[in-house]
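Participant: here is a sequence together with a model predicted from it:
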There are 2 protein chains.
Amino acid sequence: MNDLDLGAFIKDHRKKAGLTQLQLADLAGIGKTTVFDIEKNKETVRFNNILAILQVLNIKIEFKSPLTK
Amino acid sequence: MNDLDLGAFIKDHRKKAGLTQLQLADLAGIGKTTVFDIEKNKETVRFNNILAILQVLNIKIEFKSPLTK
DNA sequence: CACGGTTTACTGCCTTAACAGTAATATTTA
DNA sequence: TAAATATTACTGTTAAGGCAGTAAACCGTG
């Protein structure tokens, strides 16, 4: 599975971008509660909300499999 | 943004694994409708459902930013 | 310490994703 | 082509995520 702490990863990048949770939420067009949930690693959030945050923070997703490798 | 067609990517890997949508759904512990939706690139699906599918198909997620690079 | 801003936490309402069931269409195989 | 299988699509129900509002806890900084 993914042993990376995505929540902490996002939080770290948000901090480095100088944004508060509320600012990030507004920029991503989602609610502040959702930002909080994602940083707390709540997995049952909508994929599009995670994508919206990653886009604001300029983070890219890559999918890798033994086939594509 | 992500120009990768995740739905097609998953579908391709599912086919190569010799699984039907229903089999993949059962293995991932989710409904067949959700598998269909994900392969159709519906973004308003829950993140954990996507993770469940990727895990079954042995696909890993990586997050990359200019900072981590 | 006190003040202001941020984060964490909780609540309740509203919206909607997830799901099984079903059926129709498409694809594969005999 | 016919049969079997798989995919796509639709529907109604149910469970739960998204959200604003609110407040408490936390954290700096003057």
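Facilitator: Yep, it's here. Since the structure is predicted, the reported quantities are computational estimates derived from the model, not experimental observations. Residues are numbered from 1 along each chain as shown, chains lettered A, B, ... in the order given.
Participant: not including adjacent chain positions, what is the nearest residue to the closest residue to DNA strand D within chain A?
Facilitator: Residue of chain A nearest DNA strand D, by C-beta to the nearest atom of the strand: A:G31 (2.7 Å). Using the backbone N, CA and C atoms, a C-beta is placed for each residue, glycine as well. Distances taken as C-beta to C-beta, 6 or more residues apart in numbering or on different chains place A:A25 nearest to A:G31, at 5.9 Å, with adjacent residues excluded.
Participant: sec struct for the one you found, please.
Facilitator: With DSSP: H, G, I helix; E, B strand; the rest coil as the basis, A:A25 sits in helix.
Participant: enumerate the residues of chain A near DNA strand C.
Facilitator: By C-beta under 7 Å from any atom of the strand, the residues of chain A that approach DNA strand C are A:14-15, A:20-22, A:32-33, A:36, A:39-40, A:46.
Participant: which bits of chain A sit near chain B?
Facilitator: A:1-2, A:4, A:6, A:9, A:13, A:16, A:43-48, A:50-51, A:54-55, A:57-67 (C-beta under 8 Å from any C-beta of the partner chain).
Participant: mind checking which of those residues land in helices?
Facilitator: Judged by DSSP state H, the residues of chain A next to chain B include A:6, A:9, A:13, A:16, A:47-48, A:50-51, A:54-55 as members of helices.
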